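> Turn this into a structure:
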Amino acid sequence: MMSTQSIRIARNDVLGKGLLISVAVLVALAAFGGNLLELVRRWSQQEEYSHGFLIPVIVAWLLWARRDALASSMGRPSWGGPVLIVLAATMLFIGELSAFFLLSQLGFILALLGILLAVGGYSLLRVAIIPILFLIFAIPLPYLIDSELSWRLQLISSQLGVFILRLFQVPVFLTGNIIDLGRYKLQVVDACSGLRYLYPLLSLGFLAAYLFQAPFWQRALVFLSAIPITIGMNSLRIAIVGILVDLWGTEMADGLLHLFEGWVIFLVCAGFLAAEIYGLSRLSGKGFFQVFHLPAVSASRAGRIASANRVPAIACLLVLVGAGAAVYFLSNRQEIVPERLRFIAFPANLGPWQGRPSLLEPQVEHFLGLEDYILSDYSEPGGAAVNFYVAYYASQRKGSSPHSPMVCIPGGGWQITDFQRVSYTSEALKLSLPLNRVIIEQDSKKHLVYYWFVQRGRNVANEYWSKWYLFADAITKNRTDGALVRLVTPIYRGEPENRADERLQAFLQELAPRLSAYLPSETTAHVGSVLPRHKGNES
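Just a heads-up that it's a prediction; the model follows:
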């Protein structure tokens, strides 16, 4: 049995270490502050991540619920803590340079784990690690992954919704994500809105699996089932709208869509999760609240006064202070934006090709978030046409970046029937251009598409290499400007594909010498302006 003096010493040790952890967490919040504010911005602006405001509250609740176990688990400080802090500071530094905020935000979680390890050792880390890792669900996906995943899930949801409608003998036609009910059309944005609850439901699924005291396979099932539940619910929503439109007309649709765009979907999905847990609990012959509760957490160590060594914790504090100071100076760095001609001055005539410019719809232009663009139909004297489109982004630090045609084409109802990565070479122009060659079809229409990315003087066909160059150039050149170039021509009835290739290549011969003035090269000798460091969405 411990003496009164030993108990007092142990209590003072716990209080001192608790204070040290609090100070270190505050320093980490200051060092990672700009990147954490980006989290708050996305929570505020994107409904699918609005649950992020609740995640820190839930984490605080989970930690408070095991406060006695935490206090009793203060062990010998580990030098593994400063190692994790150095890794977290490196992630912060790289994330700040490249505007890849996911890296910095994950670094913050790593820093929290490092602080616990440096102050209370592995025994403290074992008790606190699950609540701390739950913070991962507060971090939004990078826009590239988020966009591609959303489009693909939207397509699945739309297809399932149409399948249900056809089971009920409702006439419907599906074109990509556009569901045509004859008298009413569900556009892409309508068809996908239920999917905004996938991310909060995954968070809820993880929490439910943690509270579900059952075998691991049952917990994993509860967590992973959030995905099919959300997609299925959204598909059912589409089907219900279609059935009501078929029975009572279009005036029923808008009100129902508004109802199901709210928290109704999330609550119903949460109900399905609860029902799943109830069903699994009945398999073991137990009641719901016998298996669904906070786990009993015991201390990882007890009965021993922890080491009073503060050196690992002090080392963590010094590294965090240094990282915060470095980030402060980096945040004032201005991004280089080279001078270029704007597309409003792009010639209407390219050799024999006569152009007819047009504009994107305002909502599409806003969604794309581009700095400048050109959309023009060029035709040659024989009547053959080429649609020319360039989307230019002066800075991709704000999250706006070229949208991959491989995602947008299926979403517009076109089917990709052939995809090749090829190279166009012109000896006269001394040009070797890597590009993507795509055949797309819709109904009886068939088109040939060429597209590639231009990243600070590089022509790149592979979009993932394009993202890598963006990451590297943001660090080494302080530039993130880039563009997507796309050419489309119809393959006319009875026309061989190689004739369409010849047409696009003839257009390229005229286009290539003129395009470079509108897309900055690798050199940055002529700098037109600089943008202040902006905290925005990552690509």
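
> In which helix or strand does the closest residue to Leu84 other than its chain neighbours reside?
Leaving aside its chain neighbours, Leu84 sits nearest to Gly114 (3.2 Å; criterion: CB to CB, 6 or more residues apart in numbering). Any C-beta I mention is one placed from the backbone N, CA and C, and that applies to glycine too. Here Gly114, judged by DSSP states H and E, is contained in helix 101-133.

> From the contact counts, what lies against that helix?
Identification of packing neighbours for helix 101-133 by 3 or more CB pairs under 8 Å, 6 or more residues apart in numbering; DSSP states H and E yields helix 4-31, helix 33-45, helix 55-65, helix 67-72, helix 80-98, helix 311-331.

> packing partners for the one helix or strand Ile243 maps to?
According to DSSP H and E, Ile243 maps onto helix 226-248. Helices and strands touching helix 226-248, by 3+ CB pairs under 8 Å, 6+ apart, are helix 143-167, strand 185-186, helix 188-192, helix 198-211, helix 251-261, helix 263-283.

> Which of those has the lowest mean pLDDT?
Comparing mean pLDDT over these, the weakest stretch is helix 188-192, at a mean of 46.

> rewinding a little: and for the residue nearest to Leu84, the neighbour number?
By other CB atoms under 10 Å, 30 other residues sit near Gly114.

> what does Leu174 give?
19.

> Helix, strand, or coil at it?
strand (DSSP: H, G, I helix; E, B strand; the rest coil).

> Test for you: state the pLDDT assigned to it.
74.

> if you skip the residues just before and after it, what's nearest to it?
Val162 is the one closest to Leu174 (CB to CB, 6+ apart), at 4.6 Å.

> Confirm for me that that neighbour is in contact with Ile179.
Yes: contact criterion CB atoms under 8 Å: Val162 and Ile179 qualify, at 6.2 Å.

> Residues that sit against both of those two, list them.
Here Val162 and Ile179 have Val172, Ile238 as joint contacts, going by CB atoms under 8 Å, 6 or more residues apart in numbering.

> quick one: contacts for Leu359?
Here Leu359 is in contact with Glu365, Leu375 (criterion: CB under 8 Å, 6+ apart).

> mind checking how far it is from Ile374?
Leu359 is 10 Å from Ile374, where distance means CB to CB, to the nearest Å.

> tell me the angle the helix holding Gly114 makes with helix 198-211.
Per axes from the mean of the first three to the mean of the last three CA atoms, to 10 degrees, the angle that helix 101-133 makes with helix 198-211 is 30 degrees.

> roughly how far is helix 101-133 from the heart of the chain?
Chain-centre distance of helix 101-133: 23 Å, with CA atoms, centre = their mean, to the nearest Å.

> Same question for it: list its buried residues.
Neighbour counts using 16 or more other CB atoms under 10 Å place 101-128, 130-132 of helix 101-133 among the buried residues.

> Same question for stretch 416-430.
Tyr424.

> before we move on, what about stretch 213-220?
Gln213, Ala214, Gln218, Arg219.

> Equivalent analysis for stretch 32-48, please.
Neighbour-count burial for stretch 32-48 [16+ other CB under 10 Å]: Phe32, Gly34, Asn35, Leu36, Glu38, Leu39, Arg41, Arg42, Trp43, Glu48.

> hmm, back to that, would you format the helices and strands packed on helix 101-133 as JSON lines with distance to Tyr424 and mean pLDDT included?
Formatted as JSON lines, the helices and strands packed on helix 101-133 follow (distance: least, CB to CB, whole Å; pLDDT from 0 to 100):
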{"stretch": "helix 4-31", "distance to Tyr424": "48", "mean pLDDT": "78"}
{"stretch": "helix 33-45", "distance to Tyr424": "39", "mean pLDDT": "87"}
{"stretch": "helix 55-65", "distance to Tyr424": "49", "mean pLDDT": "94"}
{"stretch": "helix 67-72", "distance to Tyr424": "63", "mean pLDDT": "88"}
{"stretch": "helix 80-98", "distance to Tyr424": "31", "mean pLDDT": "89"}
{"stretch": "helix 311-331", "distance to Tyr424": "40", "mean pLDDT": "87"}
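
> Can you say which of the ones you listed is packed in most?
Most buried of the helices and strands packed on helix 101-133, by mean neighbour count (mean count of other CB atoms under 10 Å): helix 80-98, with a mean of 22.

> Keeping just the C-alphas, turn it into PDB.
C-alpha atoms of helix 80-98 as PDB (Å, rounded to 0.1, in the frame of the first residue of the first chain):
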ATOM      1  CA  GLY A  80      10.000   8.200 -29.600                       C
ATOM      2  CA  GLY A  81       7.800  11.300 -28.900                       C
ATOM      3  CA  PRO A  82      10.400  13.800 -30.200                       C
ATOM      4  CA  VAL A  83      11.000  11.500 -33.300                       C
ATOM      5  CA  LEU A  84       7.200  11.700 -34.100                       C
ATOM      6  CA  ILE A  85       7.300  15.500 -33.500                       C
ATOM      7  CA  VAL A  86      10.200  15.900 -36.000                       C
ATOM      8  CA  LEU A  87       8.200  13.800 -38.600                       C
ATOM      9  CA  ALA A  88       5.100  15.900 -37.900                       C
ATOM     10  CA  ALA A  89       7.100  19.200 -38.300                       C
ATOM     11  CA  THR A  90       8.500  17.900 -41.600                       C
ATOM     12  CA  MET A  91       4.900  17.100 -42.800                       C
ATOM     13  CA  LEU A  92       3.900  20.600 -41.700                       C
ATOM     14  CA  PHE A  93       6.800  22.200 -43.600                       C
ATOM     15  CA  ILE A  94       6.200  20.300 -46.800                       C
ATOM     16  CA  GLY A  95       2.400  20.800 -46.600                       C
ATOM     17  CA  GLU A  96       2.900  24.600 -46.100                       C
ATOM     18  CA  LEU A  97       5.300  24.800 -49.100                       C
ATOM     19  CA  SER A  98       3.000  22.800 -51.400                       C
END
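
> contact partners of it?
Contact with helix 80-98 is made by 31-32, 34-35, 100-108, 110-111, 113-119, 122, 312-313, 315-316, 319-320, 322-323, 326-327, 330-331, 471, 474-475, as judged by CB under 8 Å, 6+ apart.

> rerun that using 7 Å as the cut-off
31-32, 35, 101, 103-104, 106-107, 110-111, 113-115, 117-118, 312, 315-316, 319-320, 323, 326-327, 330, 471, 474-475 (CB atoms under 7 Å, 6 or more residues apart in numbering).
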